[in-house]
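J.: I need the structure of the sequence given here:
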Amino acid sequence: MVRELTIETPGQGLHEITGLVRTAVDESGAFEGLCTVFVRHTSASLTIQENADPSARRDLEAWLSRLVPENDPLYTHTSEGPDDMPSHIKAILTQVSLSVPIIGGRLTLGTWQGVYLWEHRRRAHTRRVVVSVIA
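T.: Below you'll find the predicted structure:
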């Protein structure tokens, strides 16, 4: 089963999509298998991260922004704005695909884990995320 999700992001940050991925797994009917999640963009990424305390997400966002700042004078890819090149760098430092085992018909995420789309651009975007379930 393969499903493409459309995710509207309001801008930069970690946006939880765990529920959407779980729904795709539920609808697949798979009891055991593997769920792969893939984002079809070069300026956004995916991660599995803590879903209990929002301060963890804020700290991660702030840290990555310090690591890859906007307006670096060495950037040459600047025609799409000051957040474009940093968004590409952030995407290669994180992940564009994730794999999560399915056991007993459920994603085997840990107690405090959630699946997140990490939007690296400042403005709102429509992102495409492919969920593939292999039983």
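J.: Just list the residues touching L98, thanks.
T.: By C-beta atoms under 8 Å, 6 or more residues apart in numbering, the contact set of L98 is 36-37, 46-48, 115. Heads up, the C-betas are built off the backbone N, CA and C, glycines and all.
J.: Show me which of these is closest to D59.
T.: T47 (13.4 Å; C-beta to C-beta).
J.: ok, that closest one touching L14?
T.: Yes. The pair formed by T47 and L14 meets the contact definition of C-beta atoms under 8 Å, at 7.2 Å.
J.: What count of nearby residues applies to R128?
T.: When counting by other C-beta atoms under 10 Å, one arrives at 13 neighbours for R128.
J.: tell me the contacts of A24?
T.: 1, 3, 5, 35, 131, 133.
J.: Could you verify that the fifth one is part of a strand?
T.: Yes. If the criterion is DSSP: H, G, I helix; E, B strand; the rest coil, then V131 is within a strand.
J.: how about the longest helix anywhere in the chain: buried residues?
T.: Counting residues, the longest helix found in the chain (DSSP state H) is helix 54-67. Within helix 54-67, the residues scored as buried using 16 or more other C-beta atoms under 10 Å are 57, 60-61, 64.
J.: Any of the contacts of A24 buried? List them.
T.: Judged by 16+ other C-beta under 10 Å, buried ones among the contacts of A24: 3, 5, 35, 131, 133.
J.: Just the closest of these to P69, please.
T.: L5 (30.5 Å).
J.: can you give me phi and psi for that closest one?
T.: phi -100, psi 140 (degrees, to the nearest 10).
J.: And T94, by the same measure?
T.: phi -110, psi -130.
J.: Then G19?
T.: Per degrees, to the nearest 10, the backbone of G19 is at phi -60, psi -40.
J.: ranges for the strands of this protein?
T.: Per DSSP state E, the chain has strands spanning 2-9, 13-16, 32-39, 44-50, 97-103, 106-107, 113-119, 125-134. These are given in chain order.
J.: Go ahead and name everything in contact with the first one.
T.: With contact meaning C-beta under 8 Å, 6+ apart, strand 2-9 is reached by 15, 17, 20-21, 24, 27, 44, 117, 119, 124-133.
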